[in-house]
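[1] 3D model of this:
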Amino acid sequence: MEKKSYLLVTGASSGMGREIALRLSEQYSIVLNGRNKERLIQTLKACNPNREHLVWEYDLTKIDTLEDELTQFLFENNCVITGFVHSAGYMKMMPLKMAKADLFRLSFDIHVTAAALITKVLVKKKANCGELKSIVFISSISSKFGVKAFSAYSASKAAVDGLMRSLALELAPDVRVNSVLPGGIRTAMTEHLYKDTELIERIDATYPLGPGDVKDISSVVRFLISEDARWITGQQLIVDGGRTINVTG
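    You can find the predicted model right below:
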């Protein structure tokens, strides 16, 4: 039986990952990954009904079994993954003097180790038949610029970009690998930050194009994952409404 082709989107149960999955479902069949089945089903119901989509309920903090679980999922569903978007995220503001090892472990497991191990499975011919063509990692402008109380998050996102550059060379010419670095985007993960009216005023003052929306990120991901970006690899694409060029802010 011929295998069916899908894009894999992690973190698809909410926030930016959900919006990315919905946008990509307009053109592709999607494997939706997350650890909350109820919310994954909600995303599934909102995806383009004219295409077939799958749910892969798996907690990416379970690093030790990740490779086996993904491989088994691919075999059981007789599918291959042609594009991979790693949008799963974990963010907790914590001054370094209060941070514990678990904070760094979780950040790196979800953002970096999971991304690397999923890619490892998807480039195996036995598991994925050599069908992977494009990868997009969701990073952050905090990987390039300092943010108070974000040491674990920023360090792990910087590692994501380092991983991206190395994989772009290692997997070329068969697979393109890029990362998207969003500025401040209002999602479920960052909603608590936006309760601060001072922060909202600062965003209005320092983002030349104003506040961003998850759709601004999903549009860029759709471009990078597609053949329209066939000659782009190893790049950090900043999508931040001009925030990082605003030295007056």
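
[2] can you give me the neighbour number for residue 151?
    The tally of other residues near residue 151 (other Cβ atoms under 10 Å) stands at 19. (Glycine included, C-beta is placed from N, CA and C.)

[3] pretty sure it is touching residue 97, no?
    No. Residue 151 is beyond contact range of residue 97, at 10.4 Å (criterion: Cβ atoms under 8 Å).

[4] dihedrals phi and psi, residue 10?
    phi -90, psi 160 (degrees, to the nearest 10).

[5] for residue 202, see how far away it is.
    Going from residue 10 to residue 202 by Cβ to Cβ, to the nearest Å gives 30 Å.

[6] please say which of the two ends up with more neighbours.
    With neighbours defined as other Cβ under 10 Å, residue 10 and residue 202 compare such that residue 10 has more, 27 against 13.

[7] mind checking pLDDT for that one?
    Turning to residue 10, the model gives it a pLDDT of 98.

[8] residues in a beta bridge with it, which ones?
    residue 86 (DSSP bridges).

[9] does it really touch residue 60, like I thought?
    Yes. The criterion here is Cβ under 8 Å, and residue 10 meets it with residue 60 at 6.5 Å.

[10] between the two, which contacts overlap?
    33, 88, 114 (Cβ atoms under 8 Å, 6 or more residues apart in numbering).

[11] can you list those residues in TSV and add secondary structure, neighbour count and pLDDT?
    Output for the shared contacts of residue 10 and residue 60, formatted as TSV (DSSP: H, G, I helix; E, B strand; the rest coil; neighbours: other Cβ atoms under 10 Å; pLDDT from 0 to 100):
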residue	secondary structure	neighbour count	pLDDT
33	strand	29	98
88	coil	25	97
114	helix	23	98
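
[12] and these as TSV, adding distance to residue 128?
    TSV is the format used below for the shared contacts of residue 10 and residue 60 (distance: Cβ to Cβ, whole Å):
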residue	distance to residue 128
33	15
88	19
114	16
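
[13] give me the element residue 223 is part of.
    Per DSSP states H and E: residue 223 is located in helix 214-225.

[14] whoops, residue 180 was the one
    strand 176-182.

[15] in its sheet, what does that strand sit against?
    Using DSSP bridges, the strands paired with strand 176-182 are strand 134-138 (parallel), strand 236-239 (parallel).

[16] can you tell me which of these is packed in deepest?
    With neighbours taken as mean count of other Cβ atoms under 10 Å, those reach their highest mean count in strand 134-138, at a mean of 25.

[17] now that one: how far from the chain's centre is it?
    7 Å (Cα atoms, centre = their mean, to the nearest Å).

[18] tell me the helix or strand right after it.
    Trace forward from strand 134-138 with DSSP H and E and the next one is helix 151-170.

[19] and that following helix, what does it pack against?
    Packing partners of helix 151-170 (3 or more Cβ pairs under 8 Å, 6 or more residues apart in numbering; DSSP states H and E): helix 101-108, helix 114-122, strand 134-138, strand 176-182.
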